[in-house]
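Enquirer: pasting the structure only:
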Ligand SMILES: [Zn+2]
């Protein structure tokens, strides 16, 4: 995976309102309704400024977020985040929500099917939408704030303070033993047989590595050593970034669930993983998640073990 985002955020343009207005006219625009993305089953649906004008009768004029410019095609991208003025009538049926958001999908639903460019845009847009929707007032004086700089900040008109989107760091850890088995845990809020890597929020005054050790010991009862950084992934549900590590434990037999956050732990070799997926005896985390990528990277590191052997064994939170 390239470290360079396919979308150049062009942050220097955010202070240039005239330039942003000009880019808007020819932009590819993601319409976000209540943080759901305009999308089909496996790609985003972009609209243009003319379509936005036409839609303004049905939707409250919300925020425009400048997402950046494509590195290759120099195409400008925005998101237009709105809510309904008159949503389709709520007749109390189960189909109401479906009809209300027809043509829109949550990032959880569609994220795993998007290509890298669209996933980057979706993560950025949904992260901003979540933040703007929940940070409407000044933390210092309580006044209502307004979006500014292409949606990258909110500004307080009373005391002129700038408020920046928050991102909450969380570590996620692939625990292994010396035989290259991996340890996965089951959370009681998940569907039956769903297992994933261990994760937790970084606390104030804590390093990533300290957080890895603490979380693994708290949730699985083992000491983590040889902690190695793997990768990171934005996870705007609502505002996290996952910092991924792998670690070794030398006493795998001591693994046990904490009984609250984790109710079952399971050691798996590659052959055991393959058999469990085939027998539908395990559900892996969804394709969009960094946990899934970590498990796949471990699994495919040995010849003869391929990603497609893990297909079917995936789930999403209910
Ligand atoms: Zn203020």
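Expert: Thanks, I have it. Model, not experiment: these values are computed from the prediction.

Enquirer: quick one: buried residues of stretch 135-150?
Expert: The neighbour-count check on stretch 135-150 (16 or more other Cβ atoms under 10 Å) flags 135, 138, 145, 147, 149-150 as buried. For the C-beta atoms, the positions are set from N, CA and C on the backbone; glycine is no exception.

Enquirer: what's the span of it from first residue to last?
Expert: Distance across stretch 135-150, first residue to last, is 16 Å (Cα to Cα, to the nearest Å).

Enquirer: Make 413 the starting number, not 1.
Expert: Noted, 413 is the first residue going forward, which turns the last one into stretch 547-562.

Enquirer: Quick one: distance of it to the chain centre.
Expert: Mean-position distance between stretch 547-562 and its chain equals 24 Å (Cα atoms, centre = their mean, to the nearest Å).

Enquirer: does any part of that stretch sit near the ion?
Expert: Yes. Using Cβ under 5 Å from the ion, stretch 547-562 comes into contact with the ion via 550, 552-553, 555.

Enquirer: which residues are in contact with that stretch?
Expert: Applying Cβ atoms under 8 Å, 6 or more residues apart in numbering, the contact partners of stretch 547-562 are 425-427, 432, 475-478, 544, 565-571, 573-575, 577-578.

Enquirer: is it true that residue 615 touches residue 623?
Expert: Yes. Counting by Cβ atoms under 8 Å, residue 615 does reach residue 623; the two are 6.8 Å apart.

Enquirer: Helix or strand with the lowest mean pLDDT in the protein?
Expert: Within the chain, no helix or strand scores below helix 508-512, which has a mean of 79 by mean pLDDT, DSSP states H and E.

Enquirer: So which of residue 615 and residue 623 has more stuff around it?
Expert: residue 623 (21 against 10; other Cβ atoms under 10 Å).

Enquirer: Quick check: phi and psi at the more buried one.
Expert: The phi and psi torsions at residue 623 (degrees, to the nearest 10) take the values phi -70, psi -40.

Enquirer: now swap in the one 5 residues further on and tell me
Expert: In this entry, residue 628 is assigned phi and psi values of phi -70, psi -40 (degrees, to the nearest 10).

Enquirer: same question, residue 433
Expert: Taking degrees, to the nearest 10 as the convention, residue 433 sits at phi -60, psi -40.

Enquirer: ok, it - contacts?
Expert: If you count contacts by Cβ under 8 Å, 6+ apart, residue 433 has none.

Enquirer: per-residue confidence at it?
Expert: Per-residue confidence (pLDDT) for residue 433: 97.

Enquirer: Residue 692 now?
Expert: The per-residue pLDDT of residue 692 was computed as 91.

Enquirer: Just list the residues touching the residue of the stretch 563-712 of the chain found nearest the ion, thanks.
Expert: Going by Cβ to the ion, the ion is nearest to residue 568 of the stretch 563-712 of the chain, at 3.2 Å. For residue 568, the contact set (Cβ under 8 Å, 6+ apart) comprises 550, 552-553, 555, 557, 574-575.

Enquirer: can you list the weak-confidence ranges in this structure?
Expert: Of all residues in the chain, those with pLDDT under 70 make up the ranges 413-414, 724-730.

Enquirer: interface residues of the chain facing the ion?
Expert: By Cβ under 5 Å from the ion, the residues of the chain that approach the ion are 550, 552-553, 555, 568, 570-571.
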